[in-house]
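> A predicted structure for the sequence below; I have some questions about it.
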Amino acid sequence: MKYKTLCRCILLPALLLFGAQVALAQFTVSGRVTDANGEALPGATVAVVGASRGTTADVDGNYSVEIPGNAATLAIAYTGYKTVNVQVTSASPKVDVIMEEDFAGLDEVVISGLATNVKRANLANAVSSITSNELVGTTVQSTMDGALYGKLTGVNIIANSGAPGGGATVKFRGITTLNGNSQPLYIVDGVYYDNSNFRSNTNFVSAAAGQGSTRYQDNPSNRVADLDPEDIERIEVLKGASAAAIYGSRAAAGVVLITTKRGRKDGSTEVNVSQSIGFQQQLKKLGVRQWDASKVEASFGTDEVAKYNQAVTAGKVYNYEDELFGEKGILNTTRLSINGGSDKFGYYAGVTKKSENGIVKNTGYDKTSVRLNLDSKAFSWADLQVNLNYVNSESDRGYFNNDNTSTTLGISYVSTPSWADLFPDEQGNYPNNPYAPSNFLQTRDLVTNREKVDRILGGAIGTFKLWSNESNVLNLIVRGGADQYSLRTRSIFPRELQFQKDGNGTNGVSIAGTASSFGTNIAAFLVHTFTTNSNISFRTQAGVTQENLDQDFVNTVASQLIGSQTNLNQAGSVQVIQERLKQVDKGFFAQEEVNFKDIAILTLGIRGDKSSRNGDANKLYYYPKASLALNIHEMTDLGGEISQLKLRGAFGQSGNFGPFGATYTPLNPIIIDGSTGSIIGITLGNTTIGPERQTEIEMGFDLGFVQNRYNFEFTYYLKNIDDLILQVNTPSSSGFTTAWRNAADLENKGFEIALDLNPVRNRDINWDSRISFWKNTAKISRLDVPAYNLGAFGATLGTYRIEEGKSPTQIVGIDPDADANGLHVFGDAEPDFQMAFNNALRYREWELNFLFHWKKGGENINLSTLLSDIFGTSPDYDGTNLDPSGMAVNGDYRLSQLGVSANAWVEDAGYLRLREVGLRYNLPPRWFNDKAKVKLGFSGRNLINIFDYSSYDPEVSNFGTDAISSSVEVTPFPSAKSFFFTIGATF
Amino acid sequence: MILPAFLAMGFVACDIDTIDDPNNPSVGAISANASLSEIQNLVTGIEAGMRLNLGQYYDGVGVIGRDFYRFSTSDPRFTSDLLGKGSATLDNNTFYTTNPYSSRYRAVKNANILLEAVDNSTALTTAEARNAVKGYANTIKAYQLLLVWVQQYDNGIRIEVSNADDLGPFIGENDHKAALRAIAMILDEGYGQLTSGGAEFPFSLSSGFTGFDTPVAFAHVNRALLARVQAYNENWDNALDALGSSFLDLGGDLNTGVYHTYSTAGGDALNPQWYPLNATGESRVAHPSFVADAEAGDMRLSKATARDNTEFQDGLQSDYDFTVYANNSSSIPIIRNEELILLYAEANIQKGDATSLNNAVSALDVIRNAAGLPDYSGPVDQAALLDEMLMQRRYSLYGEGHRWVDMRRYGRLDELPLDRSGDDVWTKFPRPANED
């Protein structure tokens, strides 16, 4: 029955098509659009209000548009300027328009819906936007996710490691799941953009997932890294369900809407070329322990003292930190883009070639991205858009993070004292490292660990103008796209490695993985706008959506390699893993917006979704939304210097799927006596499992002063996530030990404050400043199962604990001062608050931008120190600032805590850093006969970093994008800071 | 242009086809209509699944039954909890309780899936074939439940567990015989099915079932298991009846029977009860009383081999390794002729009349002679023969999980040696925490 209702609600509006009419009387209006100084504003859009027609101003700012009937209102808009409405009649067909700059961005159009946009002034949510200039205007960005740092309120981004090619955990307004997808949904020009990560399976060699933790720790990059930030025109971030409800069951972790650059509409052509060259170096050097004979004896025994003395005499005490992490990696980015077009046709083409070398030899990232975006406005009844993007990337990520074989670069580095001699002889033979199973110089030089991606993204959007008259417009919008990529991982551990030869390993390992992902989505919407003479408008939209995802991961491990062969069949033993994922989602949505003279804007909407990921694939889950924005300043003059007061409130729900496979009860393969059989898996699938449901209420106000040169924005939110999906214990007489259940609730609340200032603004000097502050607190508000520890490596070393009434990211561990469960709370991964201070200064031709980002508090579990203490190599081993009794040196103190308290490994991970700084000089155009604009710039990322954290960088995640344990460190690839020189020209 | 768009809309609004698990065979699909190869996979899965955590099962009953010690530097609970050291008790949420329990029920679940699949499978075309599969599944299921009963005893055990969301009650709470009766009923059901199961199984079994891989031969295994259950339940006539239809052979090879097989082949499991000789740290060593209490000349002492060095741990020590199994590919018996002969002796002793006692003596002599011992020369009365029978069971079935149950059956747990003051002999394992 439901489907019939669904079909009817879509087909009914369709019948309206056949009543389409065309008005006959018309006249032409023309004029020129300029700014206050009389400068032309080419590309300004001129729209006829209530009719589906319009045009854009040409290079000289001139426009001309045909108008049905005898009178109309024109709405003239231009990015960064306030929209102007003018009345025109056939009696006065010449209208020039002077536009005023829009300091607060109130007329900026924000993409907030599936099919429609809304002016920022009328938005009822705190939607964060980032423009191209904010994203990449200051400095060169390696990946899109990395470029977001500190630029959005309510967002917590953690780089998983410093390995080239990215990999970041992005969380909006706290964590939203325990076992489900923890990462936001990315949508690029209407196409769902897959952000999976696939492991390389170096785990076969590292055995990281085995003893302390069963989770993989292969440090993969996530696939949103494939997007080229240079192509992005703007990013809108829907942080919670109140804004993202219309994205339904995939939107619980937030939605990132990305709009790429498009062709110009003014008949001109613009060519941009730029070249950046720079380098990166280790962000923070920890130094190495300064040895003397007595320390050597204490840590390594009497026998080592002679070896140490010998090495000192021979001058063979090395700083392996410099040797391993001391590279200055060259960073090279070449960029070319062309955009142009007319009012009928527009094109944008962008090419980026990026080549980055890491701070560890043989690591790096190369990427080529090609984009072509086409627009056709050739037909009066249809606008068409086609977008294509091809990306090819290759990253050599090194071999880092946790292991149980002491073979990763990180772990063998901390196991090795300075007097070890690991350098190869003249023939290139590496000595065995007597202190660890791996000679990390050999490992670095001989091991390959590479990810290669080929990705094609294609999308098309058609806007069909079905019907319009003076007060009605009916459009059909059809949108579809496909996202296809193959990720090939290749990890080669040659047999001459210390940990592969002589019975120490498997005589060489060659691992080849292929993950192919194919996603498609299609959606169709009808949008009807009805505007009354008294400027009250009703916008009704309804539509249907479908998304498909098909992923296939095949990974082959070949060991016992024959000689130096790396082909998978040149091996004595081969293991294959295959994991597939298939998903089909279908949904519909309907929404009604009522705009009362821009004073009150009320929106009501509902989305219904069904998915093969739910227990019942055909059950519709509904996600309603409602919001209200009140522009008080439109109603009454607030007096004084108050130029804007908006009150806003929004409510919405969204969903999140459980882990793929939670609906299935699988039979697992098992072998006896040469035959393979099927045995029931230990986890009972749940055929009634539903999505996790998020309900968010958001309230806030915006206040503007002095023509909105000073703005204050405040937002409070309360976000409840119900029916969290957990793997709960079951009576094992059922044959299963665990089962999937919707069994917990989570609550996030917090607030976000932003202050935009434009204190100085004149012809020569402009200073824009944005200060933002955000804070989130979370707690588990319902838990149907007993409290349990989750993630990291157990209570001895610190772990997370899911417990009713407590933060889901609380860090607990053993301690003499313990509760009834034998645990003590040592911290919480959740930051106390975050602040960002973003400034753009211009003095004539000079521009200076900088962004400071302060994260206060939030703890990490740092096990790098544990490992380096065990091997006596911690740089701060001989410090004396930890032991409360002042007796033991740091290393001895921390080791004395092993098995007593986990306190020693829980560290404050707060920081203050200069995320970005850029200084740019725009060369006078007359030097180039006004044919080109050329700019020169110096810039950098992460140049200043202040933190107490005792390792390379408090931003780290051994477990990648894991929902809970994303703040654990085990000998990662260290982070880097980077410096760039850029020259760019626009023709 | 517009019409196709709306056709597309109509299309997307329709149903989603359920997507089967792309990575694994699904229970639903197999239950609905299993092919012959899927039935084979389930059978093989049951056979392999019976071995899961079997090592921990034998360690649990073997250590409590004072057959051997299990020393482990990485886990002190083998010598503390299992032996009741000081105030240590058996925990209801620790591996020795939960792992064998859940693994036995996992094999039961596989058998239940097989039973459900049989009725819906169009690949099994004859009633005989269906009976053969069911008879196999019920026999194995009963055996797995019996192992659960051994550890759970009068906690009661769940018999009906085919619906994970609606598990049956605990049968035999405070009356352990009720559970045994329920197990016997499953065996009887299986026996009826096997005897009308035709000449061939519609699947093949591992080499551990060589000689018992037809419905008729497998029915002998079913009766052998029933004999054990009836003896545990003290139904001596029934036990003798069952033995009569089993593969009992007083003159035959004592090792004839059915086994769990192990091998070093890729993906297969290794015998979990085997450790190399003179292992230290992680080791399994014979309880000193096993050697001390033996009759001189008993060849079965080869099951405890003298170590080069005494192995110590946690206040315990032994000079003998546990060497029931020669290597890591040795098979572990499910039931074999030697036990049947001893069950035959036991049932006859319990009957108590002169003929029966003489039958018992001849059976015990078969066992004694095979162990290199002379014929029984003690008094031919019930009490003396029961002692002798238990003694022979101790040595013949050493390390195969019997002594603890035998001493419990005869109320003699207090005769098991306590090695440290404060040690305890447990009567049963606690019910696993997740069951409540």
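Here it is on my side, so go on. Residues are numbered from 1 along each chain as shown, chains lettered A, B, ... in the order given.

> can you map out the helices along chain B?
Here chain B has its helices, by DSSP state H, at B:2-12, B:27-32, B:36-49, B:54-64, B:95-120, B:127-152, B:176-195, B:215-232, B:236-244, B:288-292, B:337-351, B:354-370, B:382-396, B:403-409.

> I'd like those helices written out as TSV, with mean pLDDT and mean neighbour count added.
Backbone N, C-alpha and C define where each C-beta goes, glycine included. Shown next, in TSV, are the helices of chain B (pLDDT from 0 to 100; neighbours: other CB atoms under 10 Å in any protein chain shown):
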stretch	mean pLDDT	mean neighbour count
helix B:2-12	46	16
helix B:27-32	84	18
helix B:36-49	96	24
helix B:54-64	96	23
helix B:95-120	95	24
helix B:127-152	97	24
helix B:176-195	97	21
helix B:215-232	98	24
helix B:236-244	97	19
helix B:288-292	97	16
helix B:337-351	98	24
helix B:354-370	97	18
helix B:382-396	97	19
helix B:403-409	97	21
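
> could these be laid out in CSV, adding distance to chain A?
Shown next, in CSV, are those (distance: least, CB to the nearest CB, whole Å):
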stretch, distance to chain A
helix B:2-12, 4
helix B:27-32, 5
helix B:36-49, 3
helix B:54-64, 12
helix B:95-120, 3
helix B:127-152, 8
helix B:176-195, 13
helix B:215-232, 17
helix B:236-244, 27
helix B:288-292, 31
helix B:337-351, 22
helix B:354-370, 28
helix B:382-396, 26
helix B:403-409, 20
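
> now those as TSV including distance to A:Thr28?
Listed next are those as TSV, based on distance: least, CB to CB, whole Å:
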stretch	distance to A:Thr28
helix B:2-12	29
helix B:27-32	68
helix B:36-49	75
helix B:54-64	89
helix B:95-120	76
helix B:127-152	85
helix B:176-195	92
helix B:215-232	95
helix B:236-244	105
helix B:288-292	110
helix B:337-351	105
helix B:354-370	115
helix B:382-396	110
helix B:403-409	102
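
> mind checking which of the ones you listed is nearest B:Trp426?
Closest approach to B:Trp426 among those (CB to CB): helix B:54-64, 5.4 Å.

> by contact count, what packs against the closest one?
Helices and strands touching helix B:54-64, as assessed by 3 or more CB pairs under 8 Å, 6 or more residues apart in numbering or on different chains; DSSP states H and E, comprise strand B:68-71, helix B:95-120, helix B:127-152, helix B:403-409.

> Can you give me the buried ones in stretch A:752-762?
Buried residues in stretch A:752-762, counting neighbours by 16 or more other CB atoms under 10 Å in any protein chain shown, are found at A:752-754, A:756-758.

> Grab the CA positions of that stretch and hand them over as PDB.
Written as PDB, here are the backbone C-alpha positions of stretch A:752-762 (Å, rounded to 0.1, in the frame of the first residue of the first chain):
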ATOM      1  CA  GLU A 752      28.900  27.400  18.200                       C
ATOM      2  CA  ILE A 753      29.800  31.100  18.200                       C
ATOM      3  CA  ALA A 754      31.200  33.100  15.300                       C
ATOM      4  CA  LEU A 755      32.200  36.700  15.200                       C
ATOM      5  CA  ASP A 756      32.800  38.300  11.800                       C
ATOM      6  CA  LEU A 757      34.600  41.600  11.800                       C
ATOM      7  CA  ASN A 758      35.500  44.000   9.100                       C
ATOM      8  CA  PRO A 759      37.100  46.700  11.300                       C
ATOM      9  CA  VAL A 760      39.000  48.400   8.500                       C
ATOM     10  CA  ARG A 761      37.700  48.900   5.000                       C
ATOM     11  CA  ASN A 762      38.900  51.500   2.600                       C
END
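
> follow-up on the earlier one: got CSV for the helices and strands packed on helix B:54-64, with distance to B:Ser35 too?
Converted to CSV, these look like this (distance: least, CB to CB, whole Å):
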stretch, distance to B:Ser35
strand B:68-71, 43
helix B:95-120, 10
helix B:127-152, 13
helix B:403-409, 40
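
> quick revisit: which member of the buried residues of stretch A:752-762 is positioned nearest chain B?
Ranked by distance to chain B (CB to the nearest CB), those are led by A:Glu752 at 36.5 Å.

> Find the helix or strand that the closest one is a member of.
Using DSSP states H and E, A:Glu752 maps to strand A:738-761.

> I'd like to know which elements that strand is packed against.
Other helices and strands packing on strand A:738-761, by 3+ CB pairs under 8 Å, 6+ apart, are strand A:683-684, strand A:710-729, strand A:765-783.

> In CSV, list those along with mean pLDDT, distance to chain B and mean neighbour count.
What follows is the helices and strands packed on strand A:738-761, written out as CSV (pLDDT from 0 to 100; distance: least, CB to the nearest CB, whole Å; neighbours: other CB atoms under 10 Å in any protein chain shown):
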stretch, mean pLDDT, distance to chain B, mean neighbour count
strand A:683-684, 91, 5, 22
strand A:710-729, 93, 5, 21
strand A:765-783, 94, 16, 18
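
> Select, out of these, the one closest to B:Gly257.
Using CB to CB, the nearest of the helices and strands packed on strand A:738-761 to B:Gly257 is strand A:683-684, at 34.7 Å.

> So which elements touch that closest one?
Counting contacts by 3+ CB pairs under 8 Å, 6+ apart, strand A:683-684 packs against strand A:738-761.

> Just the angle for the strand it packs on relative to strand A:710-729, thanks.
With axes from the mean of the first three to the mean of the last three CA atoms, to 10 degrees applied, the angle from strand A:738-761 to strand A:710-729 works out at 170 degrees.

> residues in contact with residue 202?
Answering for chain A, as no chain was given. A:218, A:399, A:449, A:491, A:511 (CB atoms under 8 Å, 6 or more residues apart in numbering or on different chains).

> Hmm, no, I was thinking of chain B.
By CB under 8 Å, 6+ apart, the contact list for B:Pro202 reads B:36, B:39, B:124, B:129, B:132-133.

> tell me the pLDDT at it?
In this prediction, B:Pro202 carries a pLDDT score of 96.

> Can you tell me how far A:Val544 is from chain B?
Using CB to the nearest CB, to the nearest Å, A:Val544 is found at 5 Å from chain B.

> Check A:Ala888 too.
28 Å.

> thought that residue was touching A:Ser896?
Yes. A:Ala888 is within contact range of A:Ser896, at 6.3 Å (criterion: CB atoms under 8 Å).

> hey, where'd the helices end up in chain A?
Going by DSSP H, chain A shows helices at A:2-15, A:132-136, A:203-206, A:241-244, A:293-300, A:302-313, A:320-325, A:409-414, A:440-446, A:632-635, A:864-870, A:890-897.

> which of the contacts of A:Thr202 has the most neighbours?
Highest neighbour count within the contacts of A:Thr202: A:Tyr399, with 31 neighbours (other CB atoms under 10 Å in any protein chain shown).

> residues touching residue 340, list them.
No chain in the question, so chain A it is. So A:Gly340 contacts A:263-264, A:268-270, A:346-347 (CB under 8 Å, 6+ apart).

> looking at chain B here, not the other one
Here B:Leu340 is in contact with B:224, B:227, B:243, B:246-249 (CB under 8 Å, 6+ apart).

> could the residues you listed be laid out in a markdown table, adding distance to A:Val224?
Compiled in a markdown table, these are given as follows (distance: CB to CB, whole Å):
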| residue | distance to A:Val224 |
| --- | --- |
| B:Ala224 | 63 |
| B:Ala227 | 66 |
| B:Leu243 | 70 |
| B:Ser246 | 66 |
| B:Phe247 | 65 |
| B:Leu248 | 70 |
| B:Asp249 | 71 |
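
> farthest-separated two in the residues you listed?
B:Ala227 and B:Asp249 (13.3 Å).
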